[in-house]
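[1] Just the structure for this:
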Amino acid sequence: MKLEFQNISKSYGNTKALQKITAVLEPGIYALLGPNGSGKSTLMNILTDNLKADTGCIIYTDDAGTSENILHMGVRFREKLGFMPQYPGMYPNFTVDRFLWYIAALKDIGIGLRGKEKPRYIAEQIHTVLAEVELDDVSHHRISTLSGGMKQRLALAQAVLGNPEILILDEPTAGLDPKQRISVRNYISRIALNKIVIIATHVVSDVEFIAREAILLKKGVIADMAPPQELIAKMNGKVWEIRCQESEVSKWQQQHPVTKLTKCEHDDGVILRVLADHKPHEKASPLLPSLEDCYLHVFGQQ
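    The predicted model follows:
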């Protein structure tokens, strides 16, 4: 199974949202990274057929090797999709359980099963998914009574319901506490073994260790696409630690991107994490880079 983006372009008036996006995706997790306005949402909406590309196409190839333009597949392709939008719409008076039964009906889950087999199959799927996202204890609660984090996990649950081959997650950990973020991240990792999972996020640390590849989207163009460790390796020799006085911080911020600032414990000094292509000061010490350093290096002040 694979998805192939072939020269996808999209403009809104004179604004070019996407410019000849070309990429091949196979089973695994892909981190779609970029600042607001980089084209992430436009690309996801084209993939979900909520938006038409101006030029280009997306080709889906199944496990048997049969390839087809997703626009020609229509509902057959949408059946393979699970989508978690950044701002999902939910019916506040529905209970958690009823909402997922409603989603199951929209997705036509259990098609082909007869008699009591279909509702039993759907009920088992809903129970399993709710347990995985830690919502099984609130299955009979109205959505209006849920916290923001619970609603976020319910949005993830409806996306994975039906075991779709392609999963598109827009900011899946937004609003979650650190424990829930780790739990959701581990869950996504487990189910991604035989799926194509696209995660659009601003929380770079959530995808650094689980993504097969990171796609850096800058002003509608793929600035880089590679496994996270390869992107991090490109930052070797470009991340530095500098100790200075608090009065000097502004000077360093004007000269170089400062990604972290920490007060010294034993004096009034400050420790800066600085990005620079060359050693910025004779007393600067090299640091091990991270994917976040790469993100900030590519996108700068965007």
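
[2] And Ile122, what's its pLDDT?
    The score at Ile122 is 95. That number is its pLDDT.

[3] what sits against it?
    By Cβ atoms under 8 Å, 6 or more residues apart in numbering, the residues touching Ile122 are Trp101, Ala104, Ile109, Gly110. To be clear about C-beta, it is placed using only N, CA and C from the backbone, and glycine gets the same treatment.

[4] Pull out the buried residues from stretch 188-206.
    188, 191-192, 195-201, 203-204, 206 (16 or more other Cβ atoms under 10 Å).

[5] roughly how far is it from the heart of the chain?
    6 Å (Cα atoms, centre = their mean, to the nearest Å).

[6] Determine which residue of this protein is most distant from the centre point.
    Asp267 (40.6 Å; Cα atoms, centre = their mean).

[7] wait, is that one part of a helix?
    No. Applying DSSP: H, G, I helix; E, B strand; the rest coil, one finds Asp267 to be coil, outside a helix.

[8] I'd like the distance from it to Thr48, if you could.
    54 Å (Cβ to Cβ, to the nearest Å).

[9] Next: Gly237.
    In terms of Cβ to Cβ, Gly237 sits 40 Å off from Thr48.

[10] try Ser139
    Ser139 is 27 Å from Thr48, by Cβ to Cβ.

[11] The stretch 201-302 of the chain: strands as residue ranges?
    Using DSSP state E, counting those that start in this stretch, the strands found in the stretch 201-302 of the chain span residues 213-218, 221-226, 239-245, 258-263, 269-275, 285-286.

[12] Spatially central residue in this structure, please.
    Ile199 (1.9 Å).

[13] thought that one was touching Leu32?
    Yes. Taking Cβ atoms under 8 Å as the definition, Ile199 is a contact partner of Leu32 at 6.6 Å.

[14] Name the nearest residue to Tyr295, ignoring sequence neighbours.
    Val204 (5.2 Å; Cβ to Cβ, 6 or more residues apart in numbering).

[15] and Pro228, what is it in contact with?
    Ala31, Val207, Glu208, Phe209, Ala211, Glu213, Ala214, Leu291.

[16] Count the residues that sit near the last one.
    Counted by other Cβ atoms under 10 Å, the residues lying close to Leu291 total 22.

[17] low-scoring pLDDT stretches of the stretch 201-302 of the chain, where are they?
    301-302 (pLDDT under 70).

[18] Can you list the low-confidence ranges for the stretch 51-200 of the chain?
    Ranges of the stretch 51-200 of the chain meeting pLDDT under 70: none found.

[19] So for Asp108, what's the nearest residue that isn't a sequence neighbour?
    That would be Glu79: by Cβ to Cβ, 6+ apart, it lies 7.5 Å from Asp108.

[20] My guess is that neighbour contacts Leu106. True?
    No. In this structure Glu79 lies outside contact range of Leu106 using Cβ under 8 Å: 10.9 Å.

[21] higher neighbour count, the two?
    Glu79 (15 against 10).

[22] Enumerate every residue touching the more buried one.
    Going by Cβ under 8 Å, 6+ apart, Glu79 touches Lys107, Asp108, Pro164.

[23] those helices in the stretch 1-150 of the chain, which residues are they?
    40-47, 70-73, 75-78, 96-107, 117-132, 148-160 (DSSP state H, counting those that start in this stretch).

[24] a markdown table please, covering those helices and showing distance to Arg243.
    Listed next are the helices of the stretch 1-150 of the chain as a markdown table, based on distance: least, Cβ to Cβ, whole Å:
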| stretch | distance to Arg243 |
| --- | --- |
| helix 40-47 | 37 |
| helix 70-73 | 54 |
| helix 75-78 | 55 |
| helix 96-107 | 51 |
| helix 117-132 | 46 |
| helix 148-160 | 38 |
